[in-house]
Each structure stands twice: as structure tokens, then as C-alpha cells.
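> Here you go, sequence then predicted model.
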Amino acid sequence: MPVLDPSSVLPGRLDLFYGGTWHPVQDGDYRPVFSPGNGRPIANVAFAGRQDTIAAIEAAHAAFPKWRAVPALERGRILRKVAQKVRDNASDLALLDAFNSGNPVSIMKQDAHSAADHIDFFAGLIPAVQGETTHLDDSALNYTVREPLGVVARIIASNHPLMFAAIRLAAPLAMGNTVILKTPEQAPLSALRLAEIIGDEFPPGVVNILSGGVECGQVLSTHSLISKVTLTGSVPTGKAIQKAAADSLKLTTFELGGKNALIAFPDADLDALVDGIVGGMNWGWCGQSCGSTSRVFLHESIHDKILPIVAERVAKLFRPGNPVDTDTTMGALVSKAGQQRVLGYVDIALKEGARLVMGGKIPNTPDTEGGFFVEPTIVADVKQSMRIANEEVFGPIMSVLSWSDEETLIKDVNAVDYGLTGSVFTSDIKTMQRTVRNIQAGTVWVNTTSKHYFGMPYGGYKQSGIGREDCFEEMREMTQTKAVHVKL
Ligand SMILES: NC(=O)c1ccc[n+]([C@@H]2O[C@H](COP(=O)([O-])OP(=O)(O)OC[C@H]3O[C@@H](n4cnc5c(N)ncnc54)[C@H](O)[C@@H]3O)[C@@H](O)[C@H]2O)c1
């Protein structure tokens, strides 16, 4: 079992990065961050206070006029260099994320590469963000220009710490904004290492990376010098930020949670269906994925056949283990609180009448001792009226529901407040088209799950979010339009 040693990839600096240099905290403090694989503290990391956050905002604000004046193609060149640096450091960054976020090192490398590819994508799209002209008569020239917003604050979640940190910097920087990135409090280390790797590629104050928690996020959501605040996180946090940002009428974009449905029709290809059900839960990430299809609606005619096959496949493919072991297939929850939340939902589901098919406990193996693990868990006989079918667990619990009537099925699928992803398995194109149209979600997969196709917009219907990211729309939303009228 090749267990890697993370000690050589830890960031050298555990302070706050803003204005082009590292700063010790002024009114914040230093708090321990943990390794979810063994539950032990790794290091004490800066936790930005109010004054710290304001200092970073002022540095970003001061840097804005110069950065917006950097020729657009030069901004693109800098971003491409940054993408290459992320790629060059992918193995180390993946190891650091595995150590600090609990996800297996084998799958975190793809996060770093995805981040690099997205940075290149945004750099390449810069010339495509264009204004428009209109001509009604010869008395005037009318055109629009797209201009940057100013300082953009980006607050990110804990399940893909490096990937979100790197990707979320790219679009606003490409369009000439300066950025303050707030790392997730549980897993800030890879973003701090990122600051060490790429920080000096930019003029001071253009990229600012703060580790911290709610207080730092609240200052970013309210301060008048922040033009736009975005969140990748939970629905309650999104609501808190929306309210906080309202006073200064900030622009917002939210990528929030999901309680996503997979629908299996009786004519589905059963091999593809099993692959989709198993893959859709993102067990490797211990189920910690906003897009996980955690509600599986199996038609009653295939329910009893598919359920045991899925359980057997999950048991075979996913075994919780040390995240820094390259053979590990399933990681840990990011925190002890996350582990307790998941176990709480197992209790809730069973008390409500669900049947435990597998898992439901903390694993008891030598390489998971002390870590924040939960076994891959499947509950069946779930009804849409139960809490387990309505609330996001953000962990390794898959609920299986049996259905017979399509109208009731669609009502149940759409009964939740969320609307992030959905999935349909059928071999009939009319059934496919009808169901895709009926699912209220920002992404719908057909005969597959989980895939984030490069360049496609990602975002939620209903309370799963506002706006779309990882796509051209994200670039445009990092600008504002100025209309120019020239009298001829
Ligand atoms: N839609 C997506 O693209 C996407 C991707 C990943 C995760 N998520 C969602 O994120 C959630 C899990 O991540 P999490 O546990 O880190 O989420 P979280 O909402 O607890 O925290 C997200 C971030 O918000 C900050 N924060 C918390 N309270 C705040 C406040 N009042 N003001 C400002 N900032 C605040 C946190 O410090 C953290 O950096 C899940 O709901 C998951 O579905 C969504």
C-alpha cells in the first residue's frame, strides 16, 4: 500500500496573503486544521478577523485600476502561466488536499488538472467577451463595452479546496477584476500553497487569499468596496450572504447544494444504470458532492433486481481508507461535525421507516482509526415524505425509492427545494425528452451521471443557486456593460 508522506508538500506560510505579501493576523487568530484521515491536527492556520479582511479588501481595491489597465491578452498570458504552474504542481497539491480535506489522493490529482484546464479556458475566452453596436441612422455611433466590476470576493466550499480556489480566481481576473478568495475553514492548506506558487505572477493586490471562517465571509459580503460576492457552499450560507449583500446591492452568484434525483425507467439499459447509480453518488469523495444523485427512483419492476447488484458493486469498489494511500478508493468526511451529521441522518432515516441495506456506521479498520469516516450507506423503502429524501446530507447516504406512476414520480422528484442535477435512464427518446423537460434542475444527465462536461454551464434551479459557472456566462458576469453614444 503506497502511503505518501505529506510533510514535504505543506505550505511554508500559514498567514494571510494580500497586497502581494504574507501578513500575520491583526485581529484574527490562529486555529488548528485537521487531517480527516486520522483526526489529528496538522497545523495552526491564520483565521482572518474583521480588520484583516478589510486590509485585504483595501489592497485589492488599490490594485484594481492598474490591473484593469493591463492589456487583456497580457492578462491571458499570465493566467496561462498560472495554469501551467498548477499542472506542474498537481501531484503535490493533490496530496495536500488528500491530507487536509480527506478525499483520496488518487482522485484529487484530477482536480488540479481540471483547475488548470479551466484557467486556460477562461484565458482563451478573453477576446470572445465583446460589446455590441447598433445602427438606426447616420447621426450617431452607438456601441457597448464590457468593463470589469472591481473587487470580486469568492467564498468556496470544502469538498474540492484546490480546484475551487484555482478555478474561481480565473474568470474575474481574466476580465480585469481583482479578487479576494476565502478558503474553506476546514481545508485551507492547498489554497495557501497555491498562493505561494502563483502569488507573485500578479501585481501586488490583484490576487488575495484569506483563510478564515464566517466572520471573514461576512465582512466580504457587506463591505462597500466589494462589487460582487460569490459562494460555492450550502443553501443556508447562500441565504445569509444574499441578505448581507443586499444593503450595498452587491452582485451575487451562488453554487449551492442539491438533493438530486436519478430516475430509472423499466426500459433502461441495466448495466449502464448500475454504473450510473454507483458513479452518481461520488463515493470516492465520501458522497461530498453537490451533484450527487442521492435519491434513486427505481421503477418497481426493476427495483428488487437492481438494488442488490448496486449494493454488491458499491461494497466491492469503495472501501474507506487512508486518503494519502494511493490505493484508497473512498475518503473521509471533511470534519468530525460532518461525520456526526451523516450518522445523525442514518438514525433519522431508520426512525422514519427506511431500511438499511448496507453501511451506516463508522468503519472499524486499522487505517481508518480516528478519522472522520462513514461506511458507504444505502437505505431503501424511502418515501419522498421522509426527511432523508428532502434534506441534503452531503455525505455517503444513498436513498432508494420505488415508483410506479410517472405523474407521482415527477411530483416527488421536484418536491424538494433544491434543483441542481438530475439523471434519467431510458432507451426511449420520447421518454427521455419528456423527463428531461420535467426535471427542475440546472444539469440533467441522460443514461449517465456525474459528468461535468468541459465548458458547459453549471448551476442550480430553485434554491440550488443563482447564475452559472465554469462557462462563458461566468466570464460575462464578471463584467458590466457601458453604453456609449457618439454624436457624429
Ligand atoms: N453547486 C456547487 O457547485 C457546489 C459545489 C460544491 C459544494 N456545494 C455545496 O457546498 C456545501 C458544502 O460545503 P461547505 O460545508 O463548505 O458549505 P458552507 O456553506 O458551510 O461553507 C461554504 C463557505 O462559506 C463560508 N461561510 C459560512 N457561513 C458564512 C456566512 N454567514 N457568510 C459568509 N461566508 C460564510 C464558509 O466559511 C465556507 O468558506 C454543500 O451544500 C454542497 O452541496 C455546492
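Nice, thanks for sending it over.
> Next, the residue of the stretch 151-300 of the chain found nearest the ligand: secondary structure please.
Residue of the stretch 151-300 of the chain nearest the ligand, by CB to the nearest ligand atom: G217 (2.2 Å). Using the backbone N, CA and C atoms, a C-beta is placed for each residue, glycine as well. Classification of G217 using DSSP: H, G, I helix; E, B strand; the rest coil returns helix.
> List the beta-bridge partners for the residue nearest to it when sequence neighbours are not counted.
Leaving aside its sequence neighbours, G217 sits nearest to I155 (CB to CB, 6 or more residues apart in numbering; 5.1 Å). Beta bridges link I155 to K182, L231, judged by DSSP bridges.
> my read: I155 touches G233, true?
Yes - at 6.6 Å, I155 and G233 qualify as touching, with contact defined as CB atoms under 8 Å.
> Quote the end-to-end distance of stretch 19-35.
30 Å (CA to CA, to the nearest Å).
> That stretch and the ligand in contact?
No - counting by CB under 6 Å from any ligand atom, the ligand is not contacted by stretch 19-35; separation bottoms out at 12.1 Å.
> Can you give the distance of that stretch from its chain's centre?
23 Å (CA atoms, centre = their mean, to the nearest Å).
> what's near enough to touch the closest residue in space to W445 that isn't next to it in sequence?
Closest residue to W445 apart from its sequence neighbours, by CB to CB, 6+ apart: S423 at 4.4 Å. For S423, the contacting residues are 260-263, 276, 280, 293, 444-446, 448-449, by CB atoms under 8 Å, 6 or more residues apart in numbering.
> Cross-check the residues you listed against the ligand and keep the overlap.
Counting by CB under 6 Å from any ligand atom, no member of the contacts of S423 reaches the ligand.
> List only buried entries from those.
260-263, 276, 280, 293, 444-446, 449 (16 or more other CB atoms under 10 Å).
> now these in JSON lines, with secondary structure?
Output for these, formatted as JSON lines (three-state DSSP):
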{"residue": "N260", "secondary structure": "coil"}
{"residue": "A261", "secondary structure": "strand"}
{"residue": "L262", "secondary structure": "strand"}
{"residue": "I263", "secondary structure": "strand"}
{"residue": "G276", "secondary structure": "helix"}
{"residue": "G280", "secondary structure": "helix"}
{"residue": "T293", "secondary structure": "coil"}
{"residue": "V444", "secondary structure": "strand"}
{"residue": "W445", "secondary structure": "strand"}
{"residue": "V446", "secondary structure": "strand"}
{"residue": "T449", "secondary structure": "coil"}
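> Out of the residues you listed, the closest to Q186 would be?
Using CB to CB, N260 comes nearest to Q186 of those, at 23.1 Å.
> Could you verify my assumption that the closest one touches Q440?
No - the pair N260 / Q440 is not scored as a contact, 11.0 Å apart, by CB under 8 Å.
> so where is the chain shaky, pLDDT-wise?
The chain contains residues with pLDDT under 70 at 1.
> For it, what lies in contact range of the ligand?
Neighbours of the ligand within the chain, by CB under 6 Å from any ligand atom: 155-159, 182, 184-185, 213-214, 217-218, 221, 231-234, 237, 240-241, 255-258, 290, 392, 394, 420, 465.
> and whichever residue of the stretch 351-488 of the chain sits closest to the ligand, what does it touch?
Nearest residue of the stretch 351-488 of the chain to the ligand, counting by CB to the nearest ligand atom: F394, 4.8 Å away. Neighbour list for F394: 234, 257, 287-288, 290, 338, 341 [criterion: CB under 8 Å, 6+ apart].
> Using the three-state scheme, assign it.
Per three-state DSSP, F394 ends up coil.
> quick one: the helices in the chain?
Under the criterion DSSP state H, the chain contains helices at 50-69, 72-88, 90-101, 105-125, 161-174, 189-198, 214-222, 235-246, 270-280, 300-317, 336-351, 406-413, 429-438, 472-476.
> Remind me what the fourth one packs against, helices and strands.
If I follow you right, that is helix 105-125. On a contact count with 3 or more CB pairs under 8 Å, 6 or more residues apart in numbering; DSSP states H and E, helix 105-125 meets helix 72-88, helix 90-101, helix 161-174, helix 472-476.
> would JSON lines of those with mean neighbour count be doable?
Listed next are the helices and strands packed on helix 105-125 as JSON lines, based on neighbours: other CB atoms under 10 Å:
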{"stretch": "helix 72-88", "mean neighbour count": "17"}
{"stretch": "helix 90-101", "mean neighbour count": "27"}
{"stretch": "helix 161-174", "mean neighbour count": "27"}
{"stretch": "helix 472-476", "mean neighbour count": "19"}
